[in-house]
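S.K.: structure for the following, please:
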Amino acid sequence: MSRLVRSHLTERAPADRLVEVVREVCGIHAQVTGSAELQLAARVDGITQADVRAALWEERSLVKSWTSRGTLHLHPADEVRLWTAARRAVVGEADYLADSVEHDDEVVAAIGDALRGARLTREELVAAVVARVGDAPRDKLASGWGYYLGDAASADELCFGPPQGQKVTFVHPEDWLGPQRAWEPREALREVARRCAQTYGPVTFRHFRQWFTSCSFTPAAARRLFEELDLPELEDVAAPSSVRLLPEYDVYVLGVRDREQLVPPEVRAQVAAHGKGRYEGPAGTPFLLVDGVCAGIWRRRKTARRVELTVEPARRLTRAERAGIGEEAERIGSFLALEPALTLA
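M.R.: Predicted coordinates:
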């Protein structure tokens, strides 16, 4: 239960701790914007979608960039360089070859140069880089898969700027966020490992390697890293009962590696039948979470005025659990400024 408490899934944090919650859960997975926002709604009380967007694009207290697992995350703006430095400590040529990505320092430098003093859409950035280095990287830069852009983020040459209509934009971190503490990569990796163990522990070096992910980060290297760490014993603590509707890619699900305990057999069957679950397993599945264990799945659909929520429990629910789902639906509606319509199958 202590892992659930540390993940802010028993009692929501107050709204003024939004940034600290992101820090304490080791970032919010943000490949899907709507999922990232709902992850925060599940953990922070009294916030709205507009509050999260204001923290990103107006206050600049949060930042969006490629970090853990080479995927998009939200982090506190004052420590994005911690995560990019840790990424540099483990990424090598094997990663780029495995992902069929051409790692080109010239292209990364051109991205940083193009973004100095500018805010560019993907199309504008592609044109600016091609003007500097030639046409070779055009297709990959324009692909939408983050080719080269993730490399530039790891090199502290790029992060996301505010959307321009339906288009994403990119900015230079120094322009957007101002001066940042510089981290030595190995020191940053140790700090990230400590935080992972503190939030999602108990973890082994194998768990951490899977969580942080890199082809170049071998099991032997992960073992050596953990031998360097002086990790405290984590005490289990009693926690109040809780019901949460977690979106797909929630960091609690991604951080917990003992999936047999997290996802019981009856819920695994639901995952296997779910569209994303068939391909991505538990990671891509929205879960009904009861006392830290998956108790079913759910889905959402937004219209102009409503958010329609359909919850499919995998077992018989108690009256209190059903009431908790109703409260979750109301919270999601308030967060999105939409009328909630709940169907409990």
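
S.K.: hey, where'd the strands end up in this protein?
M.R.: Per DSSP state E, the chain carries strands over the ranges 28-29, 62-66, 72-76, 119-121, 159-164, 167-171, 243-246, 287-290, 293-302, 306-313, 339-344.

S.K.: format these as JSON lines; extra columns: mean neighbour count.
M.R.: The C-beta positions use only the backbone N, C-alpha and C, and glycine is treated the same way. Converted to JSON lines, these look like this (neighbours: other Cβ atoms under 10 Å):
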{"stretch": "strand 28-29", "mean neighbour count": "25"}
{"stretch": "strand 62-66", "mean neighbour count": "25"}
{"stretch": "strand 72-76", "mean neighbour count": "23"}
{"stretch": "strand 119-121", "mean neighbour count": "18"}
{"stretch": "strand 159-164", "mean neighbour count": "18"}
{"stretch": "strand 167-171", "mean neighbour count": "18"}
{"stretch": "strand 243-246", "mean neighbour count": "24"}
{"stretch": "strand 287-290", "mean neighbour count": "24"}
{"stretch": "strand 293-302", "mean neighbour count": "18"}
{"stretch": "strand 306-313", "mean neighbour count": "18"}
{"stretch": "strand 339-344", "mean neighbour count": "16"}
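
S.K.: ok, so what distance separates Leu338 from Arg119?
M.R.: 30 Å (Cβ to Cβ, to the nearest Å).

S.K.: circling back: for the strands of the chain, which one sits closest to Tyr200?
M.R.: strand 28-29 (13.1 Å; Cβ to Cβ).

S.K.: now the closest one: mean pLDDT?
M.R.: Confidence for strand 28-29, expressed as mean pLDDT, is 98.

S.K.: from the chain's centre, how far out does that strand sit?
M.R.: Chain-centre distance of strand 28-29: 1 Å, with Cα atoms, centre = their mean, to the nearest Å.

S.K.: ok, it: who's next to it in the sheet?
M.R.: strand 72-76 (antiparallel) (DSSP bridges).

S.K.: now the strands of the chain in CSV, with distance to Ala15?
M.R.: Converted to CSV, these look like this (distance: least, Cβ to Cβ, whole Å):
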stretch, distance to Ala15
strand 28-29, 16
strand 62-66, 14
strand 72-76, 16
strand 119-121, 28
strand 159-164, 21
strand 167-171, 26
strand 243-246, 17
strand 287-290, 22
strand 293-302, 22
strand 306-313, 20
strand 339-344, 20
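
S.K.: neighbours around Val263, how many?
M.R.: 22 (other Cβ atoms under 10 Å).
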